[in-house]
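> I'll drop the sequence and a predicted model, then ask my questions.
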Amino acid sequence: MTYYGAKELAEAFKTVRKNTIQIAEDIPEDNYGYKAAPDVRSVGELLAHIALAPTFQREFHGNPSATFSSFNFMPLFERLAAETAKPRTKAQVIELLRSEGEKFASFVGGLSDDFLGETLIMPPGGTPPHRLRFDMIMSVKEHEMHHRGQLMLIERILGIVPHLTKQQQERMARMQQQQK
């Protein structure tokens, strides 16, 4: 019995992306060039990376006959790196997050349980040696949440209280008020 399929995965991804977009909206545009350290992406570059990262899974799994030995990864990685590095305004970054998020959620929502349950053999040295398509596609959400954690720390460095923290504080205050 399966409780979590393509539609649930697509909805979960939409929730993650909605929260990422909120962070993108909360950070002022003049901070989009901020880098937490010299050798890391700026806020704008990190948001563009988040927006474009699902392209890999969409293109790989969008070709059901693709295998790790047959898929030509380098042109895709080079294209994504060039696209990520393009200068963008805050509005353009937010639109990129929205449009690419919708593309990925639509793609995922249309996948079958049988497709998601297929096992792929990883490249030599891959750990684990086999992975379900479901696991690989779900990694997009995990990847975004990883970077969103970085963005929330950057918000704190910039003096911004992350929206999820504000929401939690408001819930706690209401609960405390109700107990009085």
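Perfect, thanks for sending it. Numbers count the residues shown, from 1 in each chain.
> residue contacts, I21?
The contact partners of I21, by Cβ atoms under 8 Å, 6 or more residues apart in numbering, come to I94, L97, R98, G101. Where you see a C-beta, it was placed from the backbone N, CA and C, and this is true even at glycine.
> what does the model give it for pLDDT?
I21 is assigned 98 on the pLDDT scale.
> In three-state terms, label it for me.
When classified by DSSP: H, G, I helix; E, B strand; the rest coil, I21 comes out as helix.
> what does the one 3 residues further on give?
Using three-state DSSP, the secondary structure recorded for A24 is helix.
> Could you check how far P128 is from E83?
30 Å (Cβ to Cβ, to the nearest Å).
> what about those two, which has more around it?
Legend: neighbour count by other Cβ atoms under 10 Å for P128 and E83, higher for E83 (15 against 7).
> Output the longest helix belonging to the chain.
helix 133-157 (DSSP state H).
> Next secondary structure after the one helix or strand K18 maps to?
Using DSSP states H and E, the element containing K18 is helix 6-26. Sequence-wise, the next helix or strand downstream of helix 6-26 (DSSP H and E) is helix 43-52.
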